[in-house]
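> take a look and give me a structure for this.
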Amino acid sequence: MMAGVGEDSRALFGAGVRAALEAWPALQIAVENGFGGVHSQEKAEWLGGAVEEYFFRNADLELDEVEDFLGELMTNEFDTVVEDGSLPQVSQQLQTMFYHFQRGDGAALKEMASHITQRKYSIRATAVTTARETDEDDADSVEEMEVTATNDGAATDGVCPQPESSGPDSQTIKEEDIVEDGWTIVRRKK
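Okay, here's the model as predicted:
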């Protein structure tokens, strides 16, 4: 009967680890955007087992050791450096769950995993791509950019054109200033 209780507790700890990792925005962004390559989802699933095994092999871990381990895994497997402050939070959650596991407190493990799952929120990162012209003929064209500006608390969409000259004192590039190989001579104002 005791082995069954230990197995149940271990399964609950594993479920808690997976819940914490699935709720971790940094990992989810890395997976959703394929930072770990074509097998990002498989790596995320493997990560849960690796973290669980890490705790079982090192029973007296300090918080900074857990942070370092998670940080190394994210860097090595997902080519991601976590700098959003979530690494200590996730490490603390994992360490607290392991503490409950060591005490055999299955109820606390269930409650913690449930709480993490309920708090889970979705973060979406969208890549913004812009088309660039490679023709040399388009080198002199003026680019415009869509922006959202706040004017007295109201958001407005507008186009910001390239700034125009403000008079004779403004610096202009003359044709004689452009020399071979696309270099431009920069002159001081007089």
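
> how close does I116 sit to W46?
Computed as Cβ to Cβ, to the nearest Å, the I116 to W46 distance reads 20 Å. Glycine gets a C-beta too; all of them are placed from N, C-alpha and C.

> with E72 instead?
Distance of E72 to W46, computed by Cβ to Cβ: 14 Å.

> hey, where'd the strands end up in the protein?
Taking DSSP state E as the criterion, the chain carries its strands at 145-151, 154-160.

> so where's the chain uncertain?
Using pLDDT under 70 as the threshold, the predicted model of the chain has low-confidence ranges 1-6, 120-182, 190.

> in it, which helix is the longest?
When the chain is parsed with DSSP state H, its longest helix is helix 2-22.

> show me what that helix is packed against.
Helix 2-22 is packed against helix 40-57, helix 86-103, helix 106-119, with contacts defined by 3 or more Cβ pairs under 8 Å, 6 or more residues apart in numbering; DSSP states H and E.

> can you list those in CSV and add mean neighbour count?
Formatted as CSV, those follow (neighbours: other Cβ atoms under 10 Å):
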stretch, mean neighbour count
helix 40-57, 16
helix 86-103, 18
helix 106-119, 16
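
> D64: which of these is closest?
Checking the helices and strands packed on helix 2-22 against D64 by Cβ to Cβ gives helix 86-103 as the closest, at 8.2 Å.
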